[in-house]
Every structure is written in C-alpha cells, then in structure tokens.
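Novice: Build the 3D model from these lines:
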Amino acid sequence: MRLSRTAAFVGAATAAALALTACSGGGTSTPAPDGADSAPLLVLASLMEPASWDPAQANEGHPAPIYQSVYDTLIKREPDGELSPMLATKWTSSEDGLALDLDLRTDVTFTDGAPFNADAVKANIEHFQTANGPLQGSLAAVSGVEVVDEDTVTLTLNSPDPDLPYSLSNAAGYMGSPVALGTAEIAAAPVGTGPYVLDQKRSVVGSTIILTRNEDYWGEELPFDEVEFRVLADETARLNALTSGQVDYAPLNRAASAIQAEAAGLSAPKLSVDWSGLIFFDRDGTLLPELADVRVREALAIAIDAEALVDVGWEGRGVATSQVFGPDSEGYSADLDGAYAYDPARAKKLLAEAGASNLEFTLPMSGVFEPVIYDAIIQNWQDIGVTVNRHQWGPGEAIGSMLGGEYPIVFMSLSQRSDWGTTQFLLAPDAPWNALKSTDPDLEALIAAYPLADEAGRADVARQINEWVVDNVWFAPVMRPDAFNFHGDKIQLTPQVQQAVPSIYNFAPAGN
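Specialist: Below you'll find the predicted structure:
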C-alpha cells in the first residue's frame, strides 16, 4: 500500500478493518470481544521521557505512546497509516487547499474540568505555533484559526499543506487544557483529555512514569488499567529488563540485541520504518569546503559497501538502499535503490577529479549504534584515501549537535515518511534536518509545485524530487533496517507504520 495524504479528509476509514480493533482508542474502535477482560498493568520500556508535558513540546517517535496516553489528538492515525476521527469527527479541505474545516466532538472535558470546544482548539493551535517546540514547523502553513461555532473550527493556510491532517494526528494535534497552556503546571504534569492521567506521587523523574485510568474518559477504554513507562536509555538495560520479564515491551536499536531477544523467545512484528545512513549536512561546503563538490559526496557514498554493512552491522536484518523515500511513498523508485552501488575505484577517481584526494574530516559517533557500523564505514573511506577522525558524543548530545549543524557529515537513522513529510522534514530550506539550510532553485521549484498539483501530479513531482536528491547526493543512505519492537508473551501488539514504536492504542493483552 502506498501511503497518500491527499485522500479525502473526511476520516471515513473505520477501525473495524484493523488487526487490533479491541485496543484502539478514540471512540471509533470495535468493542472488545465478549468475555475479554482488561489487564491490570502494562509495563513499557522507553528510551526517553518528556522534557515537558506541555503538548506543544511533544516530539514524535519514541515519546509518542507517552503523550498519546494523556493527550488525545484531533485526528487519529491507525496502525496502517489511515486517518480516523478522534476529537475531530470530520475534516474537510477546501478545493484550493487553503482551508481545513474541523467538526469537533461535543462531549469531551479536560481533566481540569475545562470544556473541549473550538476555542480550545484555537488556543492549542496558536500555542503550538509560538511555543518553539520540536515540531512547530509542522503547522508552518497555517496562517489563522477561525472559530465558526462551538464545535466547528477552520484552519486557514497561506499555502496548501497536503500533510496537515497527518500533522493533526501527531504532535500538532495534541489538545491540552486552554486554561493550563503555557503554564509551569502543564509543563510538570499533563492536563489533557486522554485515556490515562499521570500519577505524580508514584512517578519518578528520570526513572518511572505511572499512568492510571482517566475515569471520566469520553472514549472507549484501553485494555490496561494502568500503564508504567520505565525510562531506560541504555540498550543493555532495556534488553535485560525485557528478557527478565520486568517489562512487557522494549524497543531495541541493535541487531545483536535483537538476536539475544529472539533467543530468549521474545517476539517482534516484522516492520521497517526507518532509513539509516549518512547525512551530508554541509552541501555548500561551509564546514568542509570539499563537500560543495557533488563528486566528493558521490565518492563518499559509493565507497560504502552497503550490502556488507547490512550483513555485518545489522546481521542481515534490513535491505540496502540509496534513497530516503520509502517503498510506501509515491516518490520511491526501485531503480534508485542501487544508485550508490559500491565502487571504490570510481570513488578514488572522483576524489582526484575534485582535487580532494587528501580529504580529512571528523565523524561524530553515537552510542545508540553498534560501533561496528562506524568501523566499517570509516574503513571503507580509509580504503579510498580519506582520513577520518572520530568524535564520541556524550549521552543526550547527538540530536542537538546534528540539528545545530555542528558537523558536516553524520550517521543517523530517521523515519520514512510520506512524500510531503520527507520533503518538509529533510529537504525544504527550513526543514529541521536540513541543519545548514541547503537549497537549490531547481529543488525549490519542485517543492513549490508539489502542494499545488493534483494527486497524480504530486506523485510525479515526488518522484522528481527523489531523483534530484539522489542525483545531487544530499545523503548516502545505507539501508532500511528492520524495526526491533520486542515484547513478551503476556501482550500482543500491532506495529505502527512510519513510527519507531507502536502507538499506545496498539497494545493489548495476549489473546484479546
């Protein structure tokens, strides 16, 4: 299935078609089977905890199930990527794409007693746009919020945004109490409408997050009476907690950890959500002048033996690729997967032609990834005469350093998104992962054309964007790795496409 965000925005997809309808939230789920009991406790390992409970500070990926537990979104994203009603019962885009009408539920109250209504939506959207959160750019096209009546709101746009409904199923759609937004109180404890509430007395910052049922929840209850998130940033600690039964679920990053989890009899649904490889942040040569020459970037890309790296670094658990667009997007082209085929002889020739035979730079390294991955890449580069110095990031330093554009080249794993999502996340001049703001008139023209085209036209433009990025070697992707979301036999889960970890709605007791 190709994921398209240009389908009708009326949320007609029903949860009945899902594999785990019994454990979906949002009031649109099929009831649990007769006789299915709720379970007392779900214990999940998490790589991180929220730095703030303010919904405008929410990030995607690993923190998602934590925020979803306490904050409902306007629109819900189902496991297969389809969008369905949540706090908004219907959404409709204008013909020109410059307005999005949202019909809202009328039976919802925040945990502080404030009503959920159009005024609350307006307050949340405007707060999100000014709070300088990590995903603030996802509402960059929204120029205003009009309260039509108590249960209707219209978002006006300065340019079409095909992914706006998707953004409203993510951080931009989390709804917090308008009374609490921007206060120290909501930063310390969530005030939402979600299925759970934070138990502050039993939670320990940096260690444990305890959530209990929201007894006044408007929607269908999730199947666990209580959810506990254990904050375990260390991979070995997560693996040990999982194999010893201390947690029911843990995300793992390393193939070696996955092998140990499998040996212990643990399960993981088959899914690939990321691409892994090199980001050439410095395409203009600001930090490393040689990188301004596309021949140098190509040389570094084709010097990497991706097939060997998949086998060695990930124990064969993945597929080699040369593109950041994933197979579920319209921009993806199977023909481009081998664009950077291993060719060290040509790599040396390109460096010589570019006058960069003595290229030297520093590659920063994160403890999240297996050291053998860095070792293999550095050895490949040394084989073509490149000198690579190493810098080890400390705990928590990597993301800020990357987004701050401190290094010209980094290795990273990032999620595969929709066509527009990839463009806005990686490629646009103001994209968060375009840290040094690279741009080009041809690419800008393609980006500008995408939201103005019809659905077929957007697919064609997305393929052109992908081809441009590959031709200009903005990245050196290595592979699409398998996702390692392991769980014990007490629970079952459905993976979430384009998300590193499953949503909180996707967990259920085994047998439900």
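
Novice: Check whether residue 160 really touches residue 98, as I assumed.
Specialist: Yes. With contact defined as Cβ atoms under 8 Å, residue 160 counts as touching residue 98 (6.5 Å). From N, CA and C alone the C-beta is placed, and that goes for glycine too.

Novice: which one of those two has more residues nearby?
Specialist: residue 160 (19 against 16; other Cβ atoms under 10 Å).

Novice: Now that one. Nearest residue, chain neighbours left out?
Specialist: Of all residues not flanking residue 160 in the chain, residue 97 sits nearest, at 3.1 Å (Cβ to Cβ, 6 or more residues apart in numbering).

Novice: before we move on, what about residue 479?
Specialist: residue 318 (4.3 Å).

Novice: about what we covered before: hang on, the residue nearest to residue 160 packs against residue 158?
Specialist: No. The pair residue 97 / residue 158 is not scored as a contact, 11.0 Å apart, by Cβ under 8 Å.

Novice: between those two, which one's more packed in?
Specialist: Higher neighbour count among residue 97 and residue 158: residue 97, with 17 against 11, using other Cβ under 10 Å.

Novice: Mind pulling up the pLDDT for that one?
Specialist: At residue 97, the model reports a pLDDT of 93.

Novice: which SS class is it?
Specialist: Recorded secondary structure, residue 97: coil (DSSP: H, G, I helix; E, B strand; the rest coil).

Novice: Equivalent analysis for residue 128, please.
Specialist: helix.

Novice: pLDDT at the residue lying closest to it once chain neighbours are set aside, what is it?
Specialist: Leaving out its chain neighbours, the residue that sits closest to residue 128 by Cβ to Cβ, 6+ apart is residue 56, at 4.5 Å. As predicted, residue 56 sits at a pLDDT of 97.

Novice: go on, the one 5 residues further on?
Specialist: Per-residue confidence for residue 61 comes out at a pLDDT of 86.

Novice: correct me, but it touches residue 415?
Specialist: Yes. If you go by Cβ under 8 Å, residue 61 and residue 415 touch, sitting 6.8 Å apart.

Novice: so what's in contact with these two at the same time?
Specialist: Common neighbours of residue 61 and residue 415, using Cβ atoms under 8 Å, 6 or more residues apart in numbering, are 499, 500.

Novice: more crowded one of the two?
Specialist: When residue 61 and residue 415 are compared for neighbours, residue 415 comes out ahead with 18 against 15, by other Cβ under 10 Å.

Novice: tell me the secondary structure for the residue nearest the centre of the chain?
Specialist: Nearest to the geometric centre of the chain sits residue 61, at 4.3 Å (Cα atoms, centre = their mean). Three-state call for residue 61 (three-state DSSP): coil.

Novice: end to end, how far does stretch 338-351 reach?
Specialist: Stretch 338-351 has its terminal residues 20 Å apart, counting by Cα to Cα, to the nearest Å.

Novice: Give me the contacts around it.
Specialist: 295-296, 298-308, 320, 322-323, 357, 359, 380, 383-386, 470, 473, 476-477.

Novice: So which of the residues you listed are in strands?
Specialist: 320, 476, 477 (DSSP state E).

Novice: any idea how far the second one is from residue 331?
Specialist: So that's residue 476. According to Cβ to Cβ, to the nearest Å, residue 476 stands 18 Å off from residue 331.

Novice: Who has more neighbours out of those two?
Specialist: Legend: neighbour count by other Cβ under 10 Å for residue 476 and residue 331, higher for residue 331 (27 against 22).

Novice: Just say helix, strand or coil for the more buried one.
Specialist: coil.

Novice: Okay, domains of the protein per the record?
Specialist: According to automatic domain parsing, the chain comprises the domains 15-267+484-509, 274-481.

Novice: Flag whichever of these has the least confidence on average.
Specialist: Among the domains of the chain, domain 15-267+484-509 scores lowest, at a mean of 90.

Novice: tell me how far it is from the chain's mean position?
Specialist: Offset of domain 15-267+484-509 from its chain centre (Cα atoms, centre = their mean, to the nearest Å): 13 Å.

Novice: again, but for stretch 445-465
Specialist: For stretch 445-465, the distance to the chain centre is 22 Å (Cα atoms, centre = their mean).

Novice: Return the set of buried residues in that stretch.
Specialist: Using 16 or more other Cβ atoms under 10 Å as the test for burial, stretch 445-465 gives 446, 447, 450, 451, 453, 458, 459, 461, 462, 463, 464, 465.

Novice: wait, what's in contact with residue 285?
Specialist: Taking Cβ under 8 Å, 6+ apart as the test, what residue 285 contacts is 291, 292, 293.

Novice: again, only this time at 10 Å
Specialist: For residue 285, the contact set (Cβ atoms under 10 Å, 6 or more residues apart in numbering) comprises 291, 292, 293, 296, 408, 436.

Novice: Just want to check the distance between it and residue 356.
Specialist: Distance, residue 285 to residue 356, by Cβ to Cβ: 11 Å.

Novice: how far does stretch 128-138 stretch from start to finish?
Specialist: OK, stretch 128-138 end separation, Cα to Cα: 10 Å.

Novice: Buried residues, that stretch. List them.
Specialist: Going by neighbour count (16+ other Cβ under 10 Å), the buried part of stretch 128-138 is 128, 129, 133, 134, 135, 136, 137, 138.

Novice: Redo those as TSV? Include secondary structure and distance to residue 147.
Specialist: Converted to TSV, the buried residues of stretch 128-138 look like this (DSSP: H, G, I helix; E, B strand; the rest coil; distance: Cβ to Cβ, whole Å):
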residue	secondary structure	distance to residue 147
128	helix	16
129	helix	16
133	coil	23
134	coil	27
135	coil	24
136	helix	22
137	helix	24
138	helix	21
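
Novice: Turn these into JSON lines, including distance to residue 74.
Specialist: Conversion of the buried residues of stretch 128-138 to JSON lines gives the following (distance: Cβ to Cβ, whole Å):
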{"residue": "128", "distance to residue 74": "11"}
{"residue": "129", "distance to residue 74": "15"}
{"residue": "133", "distance to residue 74": "16"}
{"residue": "134", "distance to residue 74": "19"}
{"residue": "135", "distance to residue 74": "14"}
{"residue": "136", "distance to residue 74": "17"}
{"residue": "137", "distance to residue 74": "18"}
{"residue": "138", "distance to residue 74": "13"}
